[in-house]
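S.K.: this one's structure only:
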């Protein structure tokens, strides 16, 4: 799965909602009463390009949508990424997908945010807001410090993951430029 920016928020959001409406109504759920979309709809209606809406896709369907923003925060000396307003496809909320699929999708979403912090939205710190404190169980193993972990710090409090990334290092055997 890949986490990609929503280029045309109004059009893309309509397409995502159409897919998710079909999923919900396929099991007899009224999509109009399906909650959690108000924050994203408010963001898609703004004309600013800085809203940072991203969607998680496997190429065939959209599994999740969230806002990712790079910003300076007083608690960090360098920029941080903040991922919030996570909304998932009704297939997860309505139990059409197994809990293991839900966990895999959330981990893929978080991994996409980590990738953004190393690439397009360079940042050393991440604040990732889960849908609920119960989702933290899927990330608990990342709190254990290991030599291969990309994190210098990883904490979970309620539905908030806060982590700091280790400095990117050159690959073993890489040739360094002469000073």
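M.R.: Structure received. No experiment lies behind these values; they were computed from the predicted model shown. Residues are numbered from 1 along each chain as shown.

S.K.: can you pull out the helices in the chain?
M.R.: Ranges of helices in the chain, per DSSP state H, are 9-25, 38-44, 90-93, 99-118.

S.K.: in JSON lines, list those along with distance to residue 62.
M.R.: No exception for glycine: its C-beta is placed from N, CA and C like everyone else's. Listed next are the helices of the chain as JSON lines, based on distance: least, CB to CB, whole Å:
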{"stretch": "helix 9-25", "distance to residue 62": "5"}
{"stretch": "helix 38-44", "distance to residue 62": "12"}
{"stretch": "helix 90-93", "distance to residue 62": "11"}
{"stretch": "helix 99-118", "distance to residue 62": "11"}
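
S.K.: and among those, the most buried is which?
M.R.: Compared across the helices of the chain, helix 90-93 shows the largest average neighbour count, a mean of 20 (mean count of other CB atoms under 10 Å).

S.K.: could you measure from the spatially most central residue of the chain over to residue 11?
M.R.: Nearest to the geometric centre of the chain sits residue 109, at 4.0 Å (CA atoms, centre = their mean). Going from residue 109 to residue 11 by CB to CB, to the nearest Å gives 22 Å.
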